[in-house]
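Q: coords please:
(4 chains)
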4 protein chains.
Amino acid sequence: MPLTEADIQVQLSRRRPGQSDLTTPRDEKDKVTILSGTEKGYTLGTPIAMTVANQDQRPHDYGEMDYYPRPSHADWTYLQKYGIKASSGGGRSSARETIGRVAAAGIAEKYLQLTHNVEIVAFVASIGNVSMEPMTGYGTPEEEPAWLARWNKWWKTLKTVTRKDVDSNEVRCPDTQIAGRMRERIVAARDAHDSVGGTVVCVIRNVPAGLGEPCFDKLEAKLAHAMLSIPATKGFEIGSGFAGTDIPGHVHNDPFILRDGRMGTATNFSGGVQGGITNGEDIYFKVAFKPAATIGQAQATATYEGVDGTLAAKGRHDPSVLPRAVPIVESMAALVIMDALLQQLGRQGARALLPEDSNIPGVLVGKPPKQLQSEVVATEVKQADGTHIIDVVKP
Amino acid sequence: MPLTEADIQVQLSRRRPGQSDLTTPRDEKDKVTILSGTEKGYTLGTPIAMTVANQDQRPHDYGEMDYYPRPSHADWTYLQKYGIKASSGGGRSSARETIGRVAAAGIAEKYLQLTHNVEIVAFVASIGNVSMEPMTGYGTPEEEPAWLARWNKWWKTLKTVTRKDVDSNEVRCPDTQIAGRMRERIVAARDAHDSVGGTVVCVIRNVPAGLGEPCFDKLEAKLAHAMLSIPATKGFEIGSGFAGTDIPGHVHNDPFILRDGRMGTATNFSGGVQGGITNGEDIYFKVAFKPAATIGQAQATATYEGVDGTLAAKGRHDPSVLPRAVPIVESMAALVIMDALLQQLGRQGARALLPEDSNIPGVLVGKPPKQLQSEVVATEVKQADGTHIIDVVKP
Amino acid sequence: MPLTEADIQVQLSRRRPGQSDLTTPRDEKDKVTILSGTEKGYTLGTPIAMTVANQDQRPHDYGEMDYYPRPSHADWTYLQKYGIKASSGGGRSSARETIGRVAAAGIAEKYLQLTHNVEIVAFVASIGNVSMEPMTGYGTPEEEPAWLARWNKWWKTLKTVTRKDVDSNEVRCPDTQIAGRMRERIVAARDAHDSVGGTVVCVIRNVPAGLGEPCFDKLEAKLAHAMLSIPATKGFEIGSGFAGTDIPGHVHNDPFILRDGRMGTATNFSGGVQGGITNGEDIYFKVAFKPAATIGQAQATATYEGVDGTLAAKGRHDPSVLPRAVPIVESMAALVIMDALLQQLGRQGARALLPEDSNIPGVLVGKPPKQLQSEVVATEVKQADGTHIIDVVKP
Amino acid sequence: MPLTEADIQVQLSRRRPGQSDLTTPRDEKDKVTILSGTEKGYTLGTPIAMTVANQDQRPHDYGEMDYYPRPSHADWTYLQKYGIKASSGGGRSSARETIGRVAAAGIAEKYLQLTHNVEIVAFVASIGNVSMEPMTGYGTPEEEPAWLARWNKWWKTLKTVTRKDVDSNEVRCPDTQIAGRMRERIVAARDAHDSVGGTVVCVIRNVPAGLGEPCFDKLEAKLAHAMLSIPATKGFEIGSGFAGTDIPGHVHNDPFILRDGRMGTATNFSGGVQGGITNGEDIYFKVAFKPAATIGQAQATATYEGVDGTLAAKGRHDPSVLPRAVPIVESMAALVIMDALLQQLGRQGARALLPEDSNIPGVLVGKPPKQLQSEVVATEVKQADGTHIIDVVKP
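A: Numbering: from 1, shown residues only, chains lettered A, B, ... in the order given. All right, here's what the predicted structure looks like:
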C-alpha cells in the first residue's frame, strides 16, 4: 500500500510533549524516518523499520534520583525483575516507549482507513472528578426513560465526534465547556506540584462484523490487554461497562434489527462486540489513567536497600498525561483491530476457496424453514435524535 | 509434581451449575478424568489431557431458537465470523467452555500453592446496586482521612478474606449481611424472568516480585486480557482503578518502606503492580459482569435474514452468573500468574548461571555511594487495624 | 468444509501397525472419533478434537527394561530433561505419538485437495543400500547429457507417481522390482533380530506460487523442521540436495519459461522453492530414517545410575519403520503446506481489499518499459519424455 | 551480562565480504553499533537493538536486471508472494540479510560460552566433489572394522577442531591439504564465470543434556529449520545422517557408558541428540549449499511477463559462498542452542521450586530395585585414538 513518513508523523505529533502549557515543556521533535520496507512510497510486504531520534539526549548526571526507587514508578520492580536497571531509573519503563506504538499504528490506521473507512476517535472524558458523562445508575423502572435518553445522547456523541472536535482545545475534550473546567483542574494540579488522573473514551466506527476470536482472544480481551499495557492505566470497560452491572437483563440485551439493508442492533450496550466478536456496531470503551507518578513535591521513600529518605523529582513532568494519551489509545486500538482483521482475513480467504456447497443444512447457516418466517415488516422507528427504537409486533 | 484428579475437581465443583436455587437446576456432575501426562500421581512433564464428560446431552429438537439470533448472544456474530454456526446457537460460545479453563487452572493453582503459598480468593462484591464496597470519591483534602480509612478497611478485608468466608453463603459474598440483600436482588430477577449483573473482586497474595513483562505484556494487561475473555464480562480495574482517576498524585503514590525485612509499600493503590511488574504486595482487581443475556421473557429480535419476531428462551438459565463466576475468575488469575512466573523463571535461571561479577557499577543495581545513605531509621508505624503508615522524617 | 471421520481414517489406516509381515504384529485398530468442531458432517470453524483409543493397553509389568535406558532411545534424555519419566520408558517418545499428526493432517489434506487439487505422494526410495535412485555425481561436462537424462527421468517419476502405485506392494516403493529387493533386505534384518534404515521421498504437486516466508520461515526450513520432528529421522534434503553441491551453477540454475500460459522453470533443481517461497513447480524432498533403535538382540547399556549391563528388547518392533513412515511424511508435508497457505491467504486477503492503484511504478511490479521487451517467441521444446528444454535465441 | 560491540564484531568480520580473492571484492566494513539494551557494558534485560550501516549504498541504475527475474533467485517468487518487489530484485532476499542473524548470535554465543563453555565450530567439509570426508557406505560385516575406524577418526576431528584451525586458510577447511584443492576448485569456477557449492559441517561441544522439546521442536528439527533458513541451503543431516540409513541397527545404536563420572555414549551416531533431546555428547551436523545463483555467464530466462531473453549478472558475486557461510552456520547454531536452553531453564527453574518429595516411585526416576543392580564394573576401554569401546560382560 502507499506509505510515507507523513502518514506516520500525524499521530506522533499529536503525542509529542510540549504542545501546550499543560504538558511537559520539552520540545522533542519526534520526527520519524522509515529505514526499510518501502520503496518509492509503497510498502514492499517486508518488515518496515522506523526510527525516531531522541533530540533531547543530555548527558545524565547521576544523583539522588538514581539511588532512590521513585514511588509508584517501575524503578524498583525493574531491579527485582532483571537484577539490574538503567541508571536513569526509568529506562524502558519511560512513557517515551509509546512512540514506537504510535508509529506502528500509523500504518495500521492508514490500512484500516483505506480498506474499510474505519474511524478511530478518542477523547478525554474526565479529569479528576470533572466528567463529560454524568451517567447515573439505572435506578427504578420509572426512571428508565430519562436514563435511556442519557444513553441515547451519549451514543449520538460517540457516533459523530471527530478528531477535529477533539483537537479544538488543548485538553482534547470535545465538549468545550467541560474542557474549560478540565483545564482548570489540570492547572490547579500543576500549580500544586501535583498530578491528576482521568479517563479517555474511544470509539471505533465501521469495523466489519466477525473480528475477534471466540475464546481467549475475544476482541474486548485484546482491547483490554492493549489498553492496560499503556503506562499509567488502571481500568478498562467496554459498552455498558461497570454501569451495566446494574441494568436489568431485558433492558441490557440489544435487539437485532434490519437497518440500512443490514442487520444491526437497536441499542448498543454491548459496545459493538458479542461473544467476543464484532457485530458491526460502533465499538466504544473507556480507559482509566491514574495521576502521573512523577510529581514535584517531596515524597517519602526508601533507598533500594530499605533506608528511608525523601525524594523530590527534579525532572520535567506533565501534571496530567490525559491529553497526550488520546493518540496512544487510538493507536493501540488501531493495532488491535488490524491484528483481528488479519486473523479473520486468513480465515475468510480459506473459506472463499472452498467449492460451493448447496447441501449444507439450513439450521447451520441461519436459514429457517418456510413456516418459521414471520411476515411482519420491520417496525423500526427512527427517533428525532438519530437513534433507533424497535417496535415488536408479530401478526 | 504430585497431581491427581482430586486436585482439579475442587474448583470444578465450585463452578458447577445446580449448587443452589440461585443457579440453573441442571445437575451436571462435571467430573474430571486425567487422560495423559501423569503416572502414579505425578506429572511427567509431558502434556496433561483431561476430559469432563457432558452428563446432560439430550437430543436437540430444532426449533425457533435455532433460527433467531438471540439478542446479546454470540449466535449472529459466530455466523458472521465462520459462515456457519452450531445448530444449537451457542456452540462453543456457551459458558460451559469455561470448564476447560477451571480444570487447567487447578494444576496452576496447585503449583503456585506448593511453591509460593500463593493464595487466590475471589468473591462477589456487588449484585446490581447492592455493593460491599461503598467507596465514594476522594472529595476534598478535609475528607481525606475518612476516605483513607475506608481504603484501609478495604485493604484489610482483601488481606484476610478466605475461600471459606466466601463459600459461607450461596451468593459467595463474604459479608453475610450484604449477601442476604444480594440474594434478594437475584431472587427478584429470577421471579421477573429477568437477569442481573454484578462485580467480582479478586485478591492474589504472596506473589513474588518481578512477574509481568515491562511493555506489552504487563501483568495487569494479561490479567485484563484473561478477565475480559470470560463470557459476560464488560470491565476490569486493578488497584485504585476508575476511582483512582480522582485521587491526587501525592496521595496515590505508594511510598516504599522496609517491612518484615523486605521492601514493601506503605499504601497499595497500585494493586501490587508497578510498571507492569509485581512488587510483592497484594494484587487485587475487580471484574464487571453484565446481566446474563438468556432471560425467560419474550424479546424482540429478527431472523438471521432480518425479519422481525419475538423470542422467548425456553432453556435453563441463571438469573445471575456471579456466584458461579467466582471460581472462574480465580482460575484465570491462576493461569496468568503461572504464565508470568514461568517466563520469569526462565530469565532468572539464565541470570543465575552467569559467573559472579564484582565490577558492575552501583548505579545499575541500586547501590548508592556512602554519602547518599541517610541515617534515619525507618519510621513506619503499624496501625491498630494492621495497616502501615510511613512517617517521613529526614535528619 | 465437509468433514467426517472417514476422511481422517484413510491415512491412519495406512500408518497402522500390523499391515504386513514386515511391520509389528500388533493389530491396533486406530479408529478415530471426532469429539467436537463438526456438526452434520461440516466443520464449524471451532477447534476439532479427535481421539484414537489405544486398543492394546495391557497392564504393564515393570521389569528390566524400565530400569535400563535403552540405547539410542529417549529414555535417558527424557529423564535428564524432566527429572522424571514414564515407567514404560518410551512414554510420549513412542512413535505412537505420530497418530495425532496423521489425524490432524487428514483435515489439511482434504482442504488442500478441495481447494487446489494438491497432491502429496511419498514413497520408500531406499532401504539400506537398495535404492531406486542410482544418481551419480555430476562428473565432467562430457558426462552431463547422461547425467541430465537421469534427472529428467527422476522428475518424470515424481510428476506421475500415485499413492496407488506406492501401495501396490507392502514396502511402499513404486518400482516393484526394487521393492522386491527392499523386502529381502527388511526380511534379512528381521531374521537377524536387527533393523535397517532407509529414505522416503515425497513430492507435492499443484502448490500455488507464493507460499513460505522469506527469512526464517522459508518453506524448505519449515519442511525440514517438520520432517526432522518425525521420530528416527536423521536428514532432509530438497531439490538437488546434497548432490546439488557438485553441480555447476550455470547448470543448476533453473531458467524461467512460459509454459501452459504461466511462468514456470525449464528444470527443477530448486525443488519448487526459490528464496524460501514456492514457485508453483513440484516440491520434492527426501528424508533419512535411521535403523529403528528397538532390536531383539542383546545390547550393552548401563543402568540410569551408570552400572553396566545388557538389555534385550522383549517388546514388538518393526525391523524397518520405512513403509509406515510414508503416510507420516505425507501428513507432516500437508500440515506445513496448509500452515503456509493460511499465512499467505491472510496476506493476499489484506492486499485484495486495497483500492486499485494505477500509479505504482513498473519496476516494482516487474513491468518493463517497452524498449526492453524482446520480440522472440518462446523457444521451449517439449521432449519426448515430457520434460522441457528452453532454447535461448535472442534476435 | 557484560556485552560490548567488540563481542558482536568478531563473527561479523568473519562473515564480511572482501576477505580474500575468493569472495566478492566489496569492502563492506560491517561495523556494528548497539543502540539500546546495554549501559556501561552490561545488558539491562531489555531488548538490544543493533545496526550495521551499509557502507556501499550506491545509487541504483534501473536496468535489464530489474525487469528479468534472475534464474534461481527470489525475484519472481517475491513478486508472486507480495504483488510487489524491491526494484533491485533481491531486496530482503539478499544474503546480506544474514548480518542480523550473525549480530544476534554474538550475544547468544557469549552467553553460552560464559555459562557452559559451549564451543561451536563450523568448517567447509566439501567444495564440489572435493571433500574432507571420504566416508564410504557400511558395506559388509567384514568391512566394518575399517569403516568404524574412519568414523572414529572423524569423531576425533570433530572433538578437537578449533576456529583457529578453520581460519588457517581462506577456504576455512581445517585440513590444509584438502583446502588447497578446494581453493583450486573455487578458482576454476571463478575463472569460468560460474559458481560451485559445497557442504559445511558444524560441531557443538559442551551442550548440557536435556535441551530440545520432545515432539515438534526436537533439537534436530530446530537445527534443520535454522540451517534451511540460510540462503542457498538445500540439505541438512545430523549424526550419521543419510549414511546412517545403511548401518545395521545393532551397530548404529549408541551404548550407554559411565565416562568421567557421568553417563555418556560409547559411539555417537546419534549426533548428540536422542528423541529430540540432547544427551550431552557432541552435536554435529552437515549443511548442503547449492552453487550460488548469481553467475557472470549469460543465462536464459524470461521477463516477468513471460517473454524470453538472456541475462548476464553485472553485479559482484562470490564463486562460492562456502567460506563466508561458516560463521553464519555457527551463528544459527548458537541461536538454536540458546533458545532451547532458555526453554529448559524455565522448566528446570519451575521444578527446582517444588518441595522435596521422597515418595516418588523409583521406576519413574530410573532408580532400579536392589536385585536388578548388576555388579559388573564398567568395562569401558579407552582406545589409543581417544575413542571408547564398551565391552559387555555381565556376570
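
Q: contacts and neighbour counts: CA atoms only from here.
A: Fine.

Q: Whichever residue of the stretch 101-250 of chain A sits closest to chain D is in what secondary structure piece?
A: Scanning the stretch 101-250 of chain A for the residue nearest chain D gives A:Arg101, at 15.2 Å (criterion: C-alpha to the nearest C-alpha). A:Arg101 belongs to helix A:98-116 when assigned by DSSP states H and E.

Q: repeat for A:Thr310
A: Here A:Thr310, judged by DSSP H and E, is contained in strand A:308-312.

Q: continuing past that strand, what's the next helix or strand?
A: Proceeding N to C from strand A:308-312, the next assigned helix or strand is helix A:322-352, under DSSP H and E.

Q: thinking again about what came up before, does the helix holding A:Arg101 come close to chain B?
A: No. Under the criterion of C-alpha under 8 Å from any C-alpha of the partner chain, chain B is not reached by helix A:98-116; the shortest gap measures 9.2 Å.

Q: what angle separates that helix from helix A:322-352?
A: 50 degrees (axes from the mean of the first three to the mean of the last three C-alpha atoms, to 10 degrees).

Q: on that earlier part again, the residue of the stretch 101-250 of chain A closest to chain D touches A:Glu330, doesn't it?
A: No. In this structure, A:Arg101 sits apart from A:Glu330 without contact. The criterion is C-alpha atoms under 8 Å, and the distance is 10.3 Å.

Q: more neighbours, the two?
A: Neighbours per residue, other C-alpha atoms under 10 Å in any protein chain shown: of A:Arg101 and A:Glu330, the larger number sits with A:Glu330, 26 against 18.

Q: contacting residues around A:Gly241?
A: B:Lys234, B:Gly235, B:Ala288, B:Lys290 (C-alpha atoms under 8 Å, 6 or more residues apart in numbering or on different chains).

Q: now with 6 Å?
A: By C-alpha atoms under 6 Å, 6 or more residues apart in numbering or on different chains, A:Gly241 lies in contact with B:Lys234, B:Gly235.

Q: and it, how far is that from B:Phe289?
A: 8 Å (C-alpha to C-alpha, to the nearest Å).

Q: again with A:His225
A: 17 Å.

Q: between A:Gly241 and B:Phe289, what contacts are shared?
A: With C-alpha under 6 Å, 6+ apart as the test, A:Gly241 and B:Phe289 both reach B:Lys234.

Q: Contact residues of the stretch 51-200 of chain A facing chain B?
A: Contact residues of the stretch 51-200 of chain A with respect to chain B, defined by C-alpha under 6 Å from any C-alpha of the partner chain, are listed as A:67, A:71-72, A:74, A:77, A:80-81, A:84-87, A:128-129, A:194-198.

Q: Neighbour count: A:His225 and B:Phe289, which is higher?
A: When neighbours are counted by other C-alpha under 10 Å, B:Phe289 comes out ahead of the other of A:His225 and B:Phe289, with 32 against 28.

Q: what's the burial count for the nearest residue to that one once chain neighbours are set aside?
A: Leaving aside its chain neighbours, B:Phe289 sits nearest to B:Thr233 (4.3 Å; criterion: C-alpha to C-alpha, 6 or more residues apart in numbering or on different chains). Burial measure for B:Thr233: 29 neighbouring residues, criterion other C-alpha under 10 Å.

Q: got it, and A:Thr136?
A: Here the count is done by other C-alpha under 10 Å, and A:Thr136 has 9 residues near it.

Q: and the closest residue to it other than its chain neighbours, how many neighbours?
A: Nearest residue to A:Thr136 in three dimensions, chain neighbours excluded: A:Trp147, at 7.6 Å (C-alpha to C-alpha, 6+ apart). By the other C-alpha under 10 Å criterion, the neighbourhood of A:Trp147 contains 17 residues.

Q: Is it correct that A:Tyr284 is in contact with A:Gly271?
A: Yes. Distance between A:Tyr284 and A:Gly271: 5.4 Å, which falls inside the contact criterion (C-alpha atoms under 6 Å).

Q: Overlap in contacts, these two.
A: Common contact partners of A:Tyr284 and A:Gly271 (C-alpha under 6 Å, 6+ apart): A:Gly239.

Q: wait, does stretch A:298-318 make contact with chain B?
A: Yes. In terms of C-alpha under 6 Å from any C-alpha, part of stretch A:298-318 sits within range of chain B, namely A:Ala300, A:Thr301, A:Ala302, A:Tyr304, A:Gly306, A:Asp308.

Q: Buried residues, that stretch. List them.
A: Of the residues in stretch A:298-318, those with enough neighbours to count as buried (16 or more other C-alpha atoms under 10 Å in any protein chain shown) are A:299-311, A:313, A:317-318.

Q: next one: stretch A:249-267
A: Counting neighbours by 16+ other C-alpha under 10 Å, one finds that the buried residues in stretch A:249-267 are A:249-258, A:263-267.

Q: For that stretch, measure first residue to last.
A: Taking C-alpha to C-alpha as the measure, stretch A:249-267 stretches 13 Å from start to finish.
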